[in-house]
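> Sequence first, then the predicted structure, then my questions.
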Amino acid sequence: MLLYILVALFIIYQTSVRGNTILVTLYAIDLNASAFYLSMIVATTSLFPMLFAAYAGRISDRIGFRFPLTGGMIGTCIALLLPYLFPNQLFILLISQSLFGLCQIFTIVTMQNLIGALSTEENRSFYFSTHSLGVAISNFLGPLITGLSIDYLHFNQTYLLLAVISIIPSLFFVSKRIKIPSPLTYKERQQSNFIKLLVAPSLRKTFITSGVILTGVGMYEFYFPIYAKSINFSASMIGTIISCNAIAYILSRLLMNPLLTKFKGEVILGGCLSVSAIAFFLIPLFDSPFLLIVISFVMGLGLGCCQPLSIVMAYSHSPEGRTGEVLGIRLTINKSVQFLVPIIFGSVGSLLGFFPVFWSNAVLFLFSGYSLFEKKSKPSNSKYFWNR
């Protein structure tokens, strides 16, 4: 029962997080931000998560889950209120996104660590699949609610709406109505440092794969709204298309466990990356809303299984007492990618257009998927939940 309560609360919170992704991009465009300034605003969201994700995970390992969750949600609310309190200021968006990124990383890492702490080796796949399904639902709700709110309430009121949504789950944690277990403690903590965890053979493939996946996710989140705006789509239409991408996430995560009983994890990841590569190749070729909905849905099918698989892989290979830190390192790599993608591809896109941006990502995904297929015949060094 506790699992479903936590997932429901995280759906509410993550709806505001996903809504902010589309909101800040469209708001900055509405304020006539240059391509470079827009890139900096989006990249700023990942700056502090890139620097502090491992530290956030370490905190949840040491002091528990309640305080990081509550503090992160309250901080997210404050960050979303800033553009509402100081409207039509591009500089405020930089400050808001910096605070937003810092606070939401504490919430995300801590929630992942908490889900893992509640699970056992036997049911871990189910727990993380349920958590990932909740994330997918919020990925659907966030853009849809935000797009409609922008068209009917405008940008400032949408920030207020998302701020209210983000603070709701914290009220349950502050009131201590939810019984959260204490973090596991060990008499002798392993003393390996950050670098040793980063290059550990059992974790290295997970980190690399996760970085590739987040390159695609970050590319889609940053560049698709810009591309859609350039072909005169409304905010509601953009939100609807991105929400259809999230619906595919939901479907793929419902199908994930049945697939894992028949195929190795590497095979599934390789297939998902290949499907996503095709979708990236097709996006700049079309300007029909219907076709872009279909393409975004196909991309969601491809990417939907990838992220929960990488989370479980990271948690399963973590040293005892350092699961939060390993999950934080994973997110450090992810956020490093999300920080660099807008800066690099924002500049490239402004000079060369949309084709090189989307197609370069398609090539990266195809190469990564092929490398995983190449290794599928090799025996696995570790037993994940898909080998049960």
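Good, I have the coordinates.
> Phe140 is in contact with Ile241, isn't it?
No - with contact defined as CB atoms under 8 Å, Phe140 does not count as touching Ile241 (11.6 Å). For glycine as for every other residue, the C-beta is placed from the backbone atoms N, C-alpha and C.
> Tell me the helix or strand right after the helix or strand of the chain with the lowest mean pLDDT.
Every helix and strand in the chain was compared by mean pLDDT, DSSP states H and E; the lowest is helix 194-199, with a mean of 62. Next in sequence after helix 194-199, counting helices and strands by DSSP states H and E, comes helix 201-230.
> So what's the gap between that following helix and the chain middle?
Distance of helix 201-230 from the chain centroid (CA atoms, centre = their mean, to the nearest Å) equals 9 Å.
> when you give positions from now on, start the count at 41
I'll keep to 41 as the first residue from here, and by that count the last item is helix 241-270.
> from what I can see Ser136 touches Tyr124, true?
No - contact between Ser136 and Tyr124 fails when scored by CB under 8 Å: they sit 9.5 Å apart.
> Please identify which of the two sits among more neighbours.
Using other CB atoms under 10 Å as the criterion, Ser136 and Tyr124 rank with Ser136 on top: 26 against 18.
> residues contacting that one?
64, 119-120, 122-123 (CB atoms under 8 Å, 6 or more residues apart in numbering).
> Select from these every entry located in strands.
Taking DSSP state E, every one of the contacts of Ser136 sits outside strands.
> Among those, which pair sits farthest apart?
Spatial extent of the contacts of Ser136 (CB to CB) is set by the pair Val64 and Leu122 at 11.3 Å.
> ok so, going back, redo the contacts of Ser136 as JSON lines? Include distance to Thr301 and neighbour count.
As requested, the contacts of Ser136 are exported to JSON lines (distance: CB to CB, whole Å; neighbours: other CB atoms under 10 Å):
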{"residue": "Val64", "distance to Thr301": "40", "neighbour count": "25"}
{"residue": "Ala119", "distance to Thr301": "42", "neighbour count": "25"}
{"residue": "Leu120", "distance to Thr301": "41", "neighbour count": "29"}
{"residue": "Leu122", "distance to Thr301": "47", "neighbour count": "19"}
{"residue": "Pro123", "distance to Thr301": "46", "neighbour count": "27"}
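> neighbours around the residue nearest to Lys219 when sequence neighbours are not counted, how many?
Counting by CB to CB, 6 or more residues apart in numbering, the nearest residue to Lys219 once its immediate chain neighbours are dropped is Leu42, at 7.2 Å. Leu42: 12 surrounding residues under other CB under 10 Å.
> Tyr53 now?
25.
> separation between it and Ile148?
Using CB to CB, to the nearest Å, Tyr53 is found at 9 Å from Ile148.
> again with Thr170
In terms of CB to CB, Thr170 sits 16 Å off from Ile148.
> Helices along the protein, start to end?
42-70, 75-103, 106-125, 130-158, 164-193, 195-214, 234-239, 241-270, 275-300, 305-322, 329-344, 346-356, 363-392, 394-414 (DSSP state H).
> Show me what the last one is packed against.
Meaning helix 394-414. helix 241-270, helix 305-322, helix 363-392 (3 or more CB pairs under 8 Å, 6 or more residues apart in numbering; DSSP states H and E).
> and if you look at the fifth one?
For helix 164-193, the contact count by 3+ CB pairs under 8 Å, 6+ apart identifies helix 42-70, helix 130-158, helix 195-214, helix 275-300, helix 346-356 as packing neighbours.
> Could you pull up phi and psi at Phe326?
Main-chain torsions, Phe326, degrees, to the nearest 10: phi -130, psi 150.
> And Thr160, by the same measure?
When read as degrees, to the nearest 10, the backbone of Thr160 gives phi -120, psi 170.
> Find the nearest non-adjacent residue to Ser292, please.
Gly344 (2.9 Å).
> where's that neighbour relative to Ala176, distance?
7 Å.
> who touches both of these two?
Joint contacts of Gly344 and Ala176 (CB under 8 Å, 6+ apart) are 289-290, 293.
> who's in contact with the residue nearest to Lys219?
158, 218-219.
> switch to 10 Å and redo it
154, 158, 218-221 (CB atoms under 10 Å, 6 or more residues apart in numbering).
> Please apply the same query to Met113.
49-50, 52-53, 56, 143-144, 146-147, 206-214.
> 8 Å instead?
Neighbours of Met113 in contact, by CB under 8 Å, 6+ apart: 53, 143, 147, 206-207, 209-210, 213.
> One more: Leu122?
132, 135-136, 139.
> can you pull the buried residues of stretch 301-317?
304-317 (16 or more other CB atoms under 10 Å).
> What's the separation between Leu78 and Asn401?
If you go by CB to CB, the gap between Leu78 and Asn401 works out to 18 Å.
> do the same with Lys216
Distance, Lys216 to Asn401, using CB to CB: 45 Å.
> Neighbour count: the two, which is higher?
Neighbour count, other CB under 10 Å: between Lys216 and Asn401, Asn401 has more, with 25 against 10.
> show me what contacts the more buried one?
Contacts of Asn401 (CB under 8 Å, 6+ apart): 255-256, 259, 317, 320.
> if you set the cut-off to 7 Å instead, what comes out?
255-256, 259, 320 (CB atoms under 7 Å, 6 or more residues apart in numbering).
> Out of those, which is nearest to Val366?
Thr255 (20.4 Å).
> Look at the residue nearest to Ile208 when sequence neighbours are not counted and report its pLDDT.
What sits nearest to Ile208 in space, not counting adjacent residues and going by CB to CB, 6+ apart, is Ile52, at 5.4 Å. pLDDT for Ile52: 95.
> residues near Ile52, how many?
Neighbours of Ile52 (other CB under 10 Å): 18.
> Pro108 is in contact with Phe146, correct?
Yes - using CB atoms under 7 Å, Phe146 is in contact with Pro108, at 4.6 Å.
> Backbone dihedrals for Arg217, please?
Dihedral angles for Arg217 - degrees, to the nearest 10 - are phi -70, psi -20.
> whoops, I mixed them up, Lys302
phi -110, psi -30.
> Can you mark which positions in stretch 210-220 are buried?
Quick answer for stretch 210-220 (16+ other CB under 10 Å): 210, 212-213, 220.
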